[in-house]
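[1] got a sequence here, can you model it:
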Amino acid sequence: MNPVAESLEAAPPAQAIRTKTTIGLCFIVALLEGLDLQAPGIAGPGMAAAFQLDKAWMGWIFGAGILGLLPGALVGGRLADRIGRKWVLIAAVILFGVFSIATAYAWDAISLLVARFMTGVGLGAALPNLIALSSEAAGPRHRGLAVSLMYCGVPLGASLAALIGLGGFETGWKTVFFVGGIAPLLVAPLLAFWLPESAAFRERQQQRAQGENAIAPPSLWQGLFKEGSAVPTLLLWVAYFFTLMVVYMLINWLPSLIIGQGFAANQANLVMFSLQIGATLGTLALGALMDRLHPMLMTVLTYLGILAALMALGAAANFNSMLGAGFIAGFFAVGGQLVLYALAPLFYQTEVRASGVGSAVAVGRLGAMTGPLVAGHMLATGAGAAGVMLASAPGILLAACAMSYLLLQRRRQDLALN
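    Below is the predicted model of the structure:
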């Protein structure tokens with residue numbers, strides 16, 4: 001039996017229902033988040049044609065949405081630790097839904113930039129709360145698998161965007177933004193009625209209200225950099241930055257890179273679909289392995305897979321090999337984010353968990369913004385797909401070293417305590 005299912009069977013019925021409901025609803029939001037994250041990459045060729053934007057300008061369009069993720073993750077995480085995960089998540093869902101629709105109504109490049117930035121703010125605020133709600137609902141024993149079950153909605157949503165893209169975006173690029181905007185607005189009322197607040201957060205609020213055993217929450221600085229948290233925080237930031245740099249470079253630029261290599265637009269969308277199917281399977285497989293294999297082994301496996309994917313994408317010479325390379329890239333690069341998302345909550349106490357995860361996500365978004373911008377300028381100066389992939393490899397190696405060192409330090413601490 002699935003380990004999460006086993007734990008739920010052992011839990012009281014009401015608690016099991018709350019856990020299932022939380023993970024299910026968070027999965028739906030993650031699905032919508034994945035659709036909206038992938039939408040600019042799928043619609044990119046159509047947007048470029050509609051507004052007559054060159055590759056450098058498209059780098060800024062992609063980067064604007066990712067830049068919005070940074071303040072969204074920071075503010076969303078901090079607010080969630082103060083007023084609750086549920087209502088901050090609902091506000092974030094409404095925000096990215098409204099501005100996804102606004103993207104379809106943009107009238108020039110500047111309005112397009114603003115709409116993508118504000119969409120990113122909503123998307124950025126949602127993710128730390130999805131991670132916190134899922135991990136706290138399942139408890140520490142099955143946190144990795146619970147986060148993976150939630151997070152597999154992201155690549156599935158991106159797969160949906162790729163399927164929408166198969167309809168052709170030279171004339172109908174706005175469709176994916178309408179779908180990505182209307183669906184969140186329909187889901188927000190479901191969250192208001194059915195999503196339970198984090199039990200850990202509720203318990204802390206009750207302690208405050210009763211004045212019993214209430215502990216004042218640490219400041220953001222104390223939570224991230226005091227009492228042994230500084231090294232984990234900084235190393236997580238390095239790993240998030242360089243890993244998400246590559247992931248978002250692939251999400252935003254891979255369709256254009258494939259078309260630039262002589263493939264048709266529909267073939268590019270099929271490769272993106274293959275990438276997101278790989279991402280979905282990778283998220284589930286790596287999530288299941290998280291509860292069985294040592295984190296160090298998971299880290300080595302994930303980053304070796306990312307390097308292999310980059311090499312395969314740069315060397316692919318025909319459509320079939322490109323499909324396979326896209327699948328590998330999704331499995332390890334997109335699915336591999338799960339390793340980071342599942343590990344981050346372990347290093348922070350409940351009072352600052354969403355803030356800690358949010359800070360790492362925010363720094364990761366800096367990398368996510370840097371990737372598309374760097375790729376755009378490299379392509380504008382004549383670098384090909386192989387050059388872009390090769391330039392990404394050192395960052396992946398640095399991220400792997402940061403995570404490996406962090407896990408070694410944690411293992412030494414555990415051995416010292418025992």
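[2] residue ranges with poor pLDDT in the stretch 51-200 of the chain?
    139-142, 144, 167-171, 200 (pLDDT under 70).
[3] for it, which segments count as helices?
    Assigned by DSSP state H, counting those that start in this stretch, the stretch 51-200 of the chain shows helices spanning 55-83, 85-104, 109-138, 143-151, 153-165, 169-172, 175-194, 199-210.
[4] looking at the ones you listed, which is buried most?
    Of these, the one with the most neighbours on average (mean count of other C-beta atoms under 10 Å) is helix 143-151, at a mean of 27. No exception for glycine: its C-beta is placed from N, CA and C like everyone else's.
[5] select, out of the helices of the stretch 51-200 of the chain, the one closest to Leu289.
    helix 143-151 (8.5 Å; C-beta to C-beta).
[6] chain center to the closest one, what's the gap?
    13 Å (C-alpha atoms, centre = their mean, to the nearest Å).
[7] same question for stretch 369-382.
    21 Å.
[8] for that stretch, buried residues please.
    Using 16 or more other C-beta atoms under 10 Å as the test for burial, stretch 369-382 gives 369-376, 378-379.
[9] what residues sit buried inside the helix or strand encompassing Ala402?
    Using DSSP states H and E, Ala402 sits in helix 385-417. Within helix 385-417, the residues that qualify as buried are 385-386, 388-389, 391-392, 395-396, 399-404, 406-407, 410, counting by 16+ other C-beta under 10 Å.
[10] one step back: the buried residues of stretch 369-382 in helices, which ones?
    Within the buried residues of stretch 369-382, residues falling in helices by DSSP state H are 369-376, 378-379.
[11] just to revisit the earlier point, and the buried residues of stretch 369-382 as a markdown table, adding distance to Leu95 and pLDDT?
    Listed next are the buried residues of stretch 369-382 as a markdown table, based on distance: C-beta to C-beta, whole Å; pLDDT from 0 to 100:
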| residue | distance to Leu95 | pLDDT |
| --- | --- | --- |
| Met369 | 19 | 74 |
| Thr370 | 24 | 80 |
| Gly371 | 24 | 78 |
| Pro372 | 22 | 72 |
| Leu373 | 24 | 75 |
| Val374 | 28 | 78 |
| Ala375 | 27 | 76 |
| Gly376 | 26 | 74 |
| Met378 | 32 | 74 |
| Leu379 | 31 | 71 |
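[12] looking at those, which one is closest to Leu323?
    Ala375 (21.0 Å).
[13] that closest one against Gly59, yeah?
    Yes - with contact defined as C-beta atoms under 8 Å, Ala375 counts as touching Gly59 (6.9 Å).
[14] what do the two both touch?
    With contacts taken as C-beta atoms under 8 Å, 6 or more residues apart in numbering, Ala375 and Gly59 have no neighbour in common.
[15] how about the closest residue to Gly97 other than its chain neighbours, what does it touch?
    Spatial nearest neighbour of Gly97, excluding adjacent residues (C-beta to C-beta, 6 or more residues apart in numbering): Pro184 at 3.2 Å. Counting by C-beta under 8 Å, 6+ apart, Pro184 touches 29, 32, 36, 93-94, 96-97, 100.
[16] ok, now with 6 Å
    32, 93, 97 (C-beta atoms under 6 Å, 6 or more residues apart in numbering).
[17] repeat that for Leu313.
    Per C-beta under 6 Å, 6+ apart, neighbours of Leu313: 325, 329, 389.
[18] which phi and psi does it have?
    phi -70, psi -40 (degrees, to the nearest 10).
[19] so how far is Thr21 from it?
    In this structure, Leu313 and Thr21 are 39 Å apart, going by C-beta to C-beta, to the nearest Å.
[20] what strand or helix carries Ile42?
    Going by DSSP H and E, Ile42 is part of helix 13-51.
[21] and that helix, how far out from the chain middle?
    Counting by C-alpha atoms, centre = their mean, helix 13-51 comes out at 10 Å from the chain centroid.
[22] that helix packs against which elements?
    helix 55-83, helix 85-104, helix 109-138, helix 143-151, helix 153-165, helix 169-172, helix 175-194, helix 230-260 (3 or more C-beta pairs under 6 Å, 6 or more residues apart in numbering; DSSP states H and E).
[23] for Ala106, phi and psi?
    Dihedral angles for Ala106 - degrees, to the nearest 10 - are phi -60, psi 140.
[24] and the nearest residue in space to Leu185 that is not next to it in sequence, what does it touch?
    Distance criterion C-beta to C-beta, 6+ apart; nearest residue to Leu185, sequence neighbours excluded, is Gly97 at 4.4 Å. Neighbour list for Gly97: 181, 184-185 [criterion: C-beta under 6 Å, 6+ apart].
[25] go again with 8 Å.
    Counting by C-beta under 8 Å, 6+ apart, Gly97 has contacts 32, 122, 180-185, 188.
[26] tally of neighbours for Leu25?
    When neighbours are defined as other C-beta atoms under 10 Å, Leu25 has 22 of them.
[27] typed the wrong thing, it's Ala354
    So Ala354, with other C-beta under 10 Å, has 31 neighbours.
[28] tell me the confidence at it?
    Each residue has a pLDDT score; the one for Ala354 is 70.
[29] state the distance from it to Phe242.
    23 Å.
[30] hmm, back to that, show me how far the helix holding Ala402 is from its chain's centre.
    18 Å.
[31] now the contacts of Leu313 as a markdown table including pLDDT and distance to Asn269?
    Converted to a markdown table, these look like this (pLDDT from 0 to 100; distance: C-beta to C-beta, whole Å):
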| residue | pLDDT | distance to Asn269 |
| --- | --- | --- |
| Ala325 | 86 | 15 |
| Ala329 | 87 | 15 |
| Met389 | 73 | 20 |
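[32] and which of those residues is nearest Leu70?
    Checking these one by one against Leu70 (C-beta to C-beta), the nearest turns out to be Ala329, at 24.1 Å.
[33] so the closest one sits right up against Gly282, yeah?
    No - counting by C-beta under 8 Å, Ala329 does not reach Gly282; the two are 9.5 Å apart.
[34] and those two? which has more neighbours close in?
    Taking other C-beta under 10 Å, Ala329 and Gly282 do not tie; Ala329 has more neighbours (30 against 27).
[35] contact partners for the more buried one?
    250, 254, 275, 278, 306, 309-310, 312-313.
[36] ok, these vs Ile66, which is closest?
    Leu250 (12.8 Å).
[37] so that closest one is in contact with Ala333, correct?
    Yes - counting by C-beta under 8 Å, Ala333 is a contact partner of Leu250 at 6.1 Å.
[38] circling back to that earlier point, let me have the contacts of Leu313 in TSV, extended by distance to Leu236.
    Converted to TSV, the contacts of Leu313 look like this (distance: C-beta to C-beta, whole Å):
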residue	distance to Leu236
Ala325	29
Ala329	23
Met389	25
